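# model this:
(2 chains)
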Amino acid sequence: MKAVLSVFKRRRELEREVEEELGFHLELLRREHVRQGMSPDEANAAARTRFGDMEQIKKQCVAISRRSRPLTRALKFFFILMFLAGVLVRVFAVELHFTRVGDMLIMVSVLGQLLLYARSLSPATFLSKQTQSPLRLIHDKAPTAAFDERQRTPVERVISEE
Amino acid sequence: MANSRTDLMQGTLELLILKTLARESMHGYGIVQRIHETTDDLLKIEDGSLYPALYRMEERGWVASKWGLSENNRRAKFYKLTVAGRKQLDAECANWQRVSQAITRILQTA
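Predicted coordinates:
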């Protein structure tokens, strides 16, 4: 019971961390807009627009950090070992009782993997399949800036920037 | 063409993040600002989409994150490049150069 509770607590902790990180970014965006002369309300709205879908991004980030947690990785590894042990027992056991043990090991490990997989699923997993890249080249700015004086594209400039 | 946008190849954002972090560790907002500044706002990143990318890169071990204090003394998460990240940057840089050279060559032969 305690272990179950600690999993939930850890999840809440992760969520809070992601919230704090994204909130910090939003706050700086808001300040930037206020500095440019917007009213607090306008700045708020502009910052939210530029940031994108906050809830969606939060969910994606939490999902990614949950699946890369050491505990999850260790469990996955453990179930793979268990499966292999089951197969070995199944292949080499001669007595009926032992093959049963092998069956049990295989079943438990497969179920465990499935459980881990199901737990890692969240609405964000399905919605996060981006149809377009988050990075855009803006054409409506002065087109002359597409290449600089050394004929480099913007991406090349970032790459070669020293 | 007002408001027309071109989608850039997936993975380009990661390359830009790696390159931006190569010099110093930064928080997410700093990374976006730096990319906007260097490209004269020609490349726009939807600010929020930076974070799933950063988290995935951390999962792969290219960047490491640590909470610290920002310029204005607020708690912020800073990202820095790992050794694996630096290798990845070199590989992706070389790849980008090859692709862009090839495309340039084709464009010039027309």
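
# so the residue nearest to the spatial centre of chain A is in which element?
For chain A, residue A:64 is the residue whose C-alpha lies nearest the centre (CA atoms, centre = their mean; 2.2 Å). Using DSSP states H and E, residue A:64 sits in helix A:54-67.

# now for that helix, which elements pack on it?
helix A:2-35, helix A:96-120, helix A:123-127, helix B:50-59 (3 or more CB pairs under 8 Å, 6 or more residues apart in numbering or on different chains; DSSP states H and E). From N, CA and C alone the C-beta is placed, and that goes for glycine too.

# average pLDDT for the strand or helix carrying residue B:84?
In this assignment (DSSP H and E), residue B:84 forms part of helix B:83-109. Averaged across helix B:83-109, pLDDT comes to 92.

# what of stretch A:113-122?
78.

# that stretch and chain B in contact?
No: Stretch A:113-122 is not in contact with chain B by CB under 8 Å from any CB of the partner chain; minimum separation 12.4 Å.

# returning to what we had before: tell me the helix or strand right after the helix holding residue A:64.
Past helix A:54-67, the next helix or strand by DSSP H and E is helix A:70-92.

# where does pLDDT dip in chain B?
B:1-10, B:110 (pLDDT under 70).

# ok, back up a step: could the helices and strands packed on helix A:54-67 go into a markdown table alongside mean neighbour count and distance to residue B:89?
Output for the helices and strands packed on helix A:54-67, formatted as a markdown table (neighbours: other CB atoms under 10 Å in any protein chain shown; distance: least, CB to CB, whole Å):
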| stretch | mean neighbour count | distance to residue B:89 |
| --- | --- | --- |
| helix A:2-35 | 15 | 23 |
| helix A:96-120 | 14 | 29 |
| helix A:123-127 | 12 | 28 |
| helix B:50-59 | 21 | 11 |
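
# weakest of the ones you listed by average pLDDT?
The bottom spot among those, by mean pLDDT, belongs to helix A:123-127, with a mean of 54.

# what residues of stretch B:66-76 count as buried?
Residues residue B:76 are the ones in stretch B:66-76 that count as buried (16 or more other CB atoms under 10 Å in any protein chain shown).

# please apply the same query to stretch A:58-73.
A:58-67.

# now the residue sitting furthest away from the middle of chain A: phi and psi?
Distance from the C-alpha centroid of chain A, by CA atoms, centre = their mean, peaks at residue A:95 (46.5 Å). Backbone geometry at residue A:95, expressed as degrees, to the nearest 10, gives phi -80, psi 150.

# so it versus chain B, what's the distance?
To chain B, residue A:95 is 45 Å away according to CB to the nearest CB, to the nearest Å.

# what sits against that residue?
Under the criterion of CB atoms under 8 Å, 6 or more residues apart in numbering or on different chains, residue A:95 has no neighbours.

# pLDDT value on it, please?
We have a pLDDT of 82 for residue A:95.

# quick one: the residue nearest to the centre of chain A and residue B:55 touch, right?
Yes: assessed by CB atoms under 8 Å, residue A:64 is found in contact with residue B:55 at 4.2 Å.

# now distance to residue A:85 too, for the helices and strands packed on helix A:54-67, in JSON lines please.
Formatted as JSON lines, these follow (distance: least, CB to CB, whole Å):
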{"stretch": "helix A:2-35", "distance to residue A:85": "24"}
{"stretch": "helix A:96-120", "distance to residue A:85": "6"}
{"stretch": "helix A:123-127", "distance to residue A:85": "30"}
{"stretch": "helix B:50-59", "distance to residue A:85": "28"}
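
# closest to residue A:77 out of these?
Evaluated over those, closeness to residue A:77 peaks at helix A:96-120, with 10.8 Å, by CB to CB.

# need the residues that contact the closest one.
A:63, A:66-67, A:72, A:75-76, A:78-80, A:82-83, A:85-91, A:93.

# can you do 6 Å?
A:67, A:79, A:82-83, A:85-86, A:89-90, A:93 (CB atoms under 6 Å, 6 or more residues apart in numbering or on different chains).

# in PyMOL, how would I select the buried members of these?
Per 16+ other CB under 10 Å, the buried members of those correspond to this PyMOL selection:
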select buried, chain A and resi 67+79+82+83+86+89+90
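
# which one of the contacts of helix A:96-120 is nearest chain B?
Nearest to chain B out of these is residue A:67 (CB to the nearest CB; 7.6 Å).
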